[in-house]
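Novice: based on what follows, work out the 3D shape:
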Amino acid sequence: MTLDRRFLLCGFAYAIAGMGLGVYMAASHDHALFVAHAHILLVGFVVSFIYALIHKLWLVGAPARLAGFQFYLHQLAALVMSVGLVLLYAGLYPESTLGPVLGLASVGVLIAAVLMAWLVLRSPG
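Specialist: You can find the predicted model right below:
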């Protein structure tokens, strides 16, 4: 399966999770998880969708190893960030426990973005 398709499918998974969380918050009238909801949709869905478009339109011949590493880094960091924020804002774990994990996840998302920019910069198209 191509990276653009993988990014697209992962993005839809985050969209479903984020929208499901939004429906839960609306039904329960408890919006404590709105920060997690926003991050799931933006970092998970929107960024993955944009990366899918970039791969489809500009990175057809990208270096496979670096592009694959960038994909897995973004997906792992976005997943850890999403789960960590849900656990934090649901009050299941304190910030002292989750803060370092969320910090690493944030840096992972940032590094993945820098790698995507590098792939675009180095692409022949």
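Novice: which residues in the protein form helices?
Specialist: Counting by DSSP state H, residue ranges of the helices within the chain are 3-28, 34-39, 47-57, 64-89, 95-122.
Novice: is it possible to export those helices to TSV including mean pLDDT and mean neighbour count?
Specialist: Bear in mind the C-beta positions are built from the backbone N, C-alpha and C, glycine included. Output for these, formatted as TSV (pLDDT from 0 to 100; neighbours: other CB atoms under 10 Å):
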stretch	mean pLDDT	mean neighbour count
helix 3-28	97	16
helix 34-39	98	18
helix 47-57	96	19
helix 64-89	97	18
helix 95-122	97	15
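Novice: nearest spatial neighbour of residue 46, skipping sequence neighbours?
Specialist: What sits nearest to residue 46 in space, not counting adjacent residues and going by CB to CB, 6 or more residues apart in numbering, is residue 11, at 7.7 Å.
Novice: OK, contacts around that neighbour?
Specialist: Residues near residue 11 by CB atoms under 8 Å, 6 or more residues apart in numbering: 44, 45, 46, 47, 48, 49, 52.
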